[in-house]
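Colleague: this one's sequence-less:
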């Protein structure tokens, strides 16, 4: 079955040929949990292409190999976020995945909430009001207990670039 997958066939096509369900084919061809855990640890829970944190939710991608010999080898596997995994399977030539992701994504590591509050001369409650979230949520962001949504990060970045918005200018994520 792995040779069919390496030839580019979908799980559904392989399932039809084998007379089993697509889910069963995916189970049979996916790396065992031990190997998956090693790949997650190897990439420190971050997408190998764009660096976004994916943890255990990342997709394990099989790089092009020379057949069944190295299909499940650690060096043949990448941990990817869903977007990069889709792009990796996109057959469009000359697509620079890292450049495409870097220009469109605001990452948590790009913005320190505490520093943003200082630069904008805002209190937690004011930022919460602008973003349409609770003051406790902003506190969890500062402590690192929770991460802001990408839409909130973009709005904070916009605030940092343009300056403080007037209180009452709420933002809906």
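Modeller: Here it is on my side, so go on. Remember, it's a predicted structure, so these values are computed and weren't measured experimentally.
Colleague: who does the lengthiest helix in the chain touch, helix- and strand-wise?
Modeller: Ranked by residue count and defined by DSSP state H, the top helix of the chain is helix 150-162. Counting contacts by 3 or more CB pairs under 8 Å, 6 or more residues apart in numbering; DSSP states H and E, helix 150-162 is packed against helix 113-120, helix 124-131. Every C-beta, even on glycine, is put in place using the N, C-alpha and C of the backbone.
Colleague: average pLDDT across it?
Modeller: Averaging pLDDT along helix 150-162 gives 85.
Colleague: do the same with stretch 19-35
Modeller: Per-residue scores along stretch 19-35 average to 82.
Colleague: How about the contacts made by the spatially closest residue to residue 46 that is not a sequence neighbour?
Modeller: For residue 46, ignoring the flanking residues on the chain, the nearest one in space by CB to CB, 6 or more residues apart in numbering is residue 53 at 5.6 Å. Neighbouring residues of residue 53 by CB atoms under 8 Å, 6 or more residues apart in numbering: 45-47, 108, 147.
Colleague: Which helix or strand in the protein has the lowest average pLDDT?
Modeller: One helix or strand of the chain scores below all others by mean pLDDT, DSSP states H and E: helix 97-104, with a mean of 45.
Colleague: Pop the domain breakdown of this protein in here.
Modeller: 31-104, 108-162 (automatic domain parsing).
Colleague: so what secondary structure elements neighbour the host helix or strand of residue 15?
Modeller: Using DSSP states H and E, residue 15 falls within helix 11-18. Here helix 11-18 touches helix 2-6, helix 22-29, going by 3+ CB pairs under 8 Å, 6+ apart.
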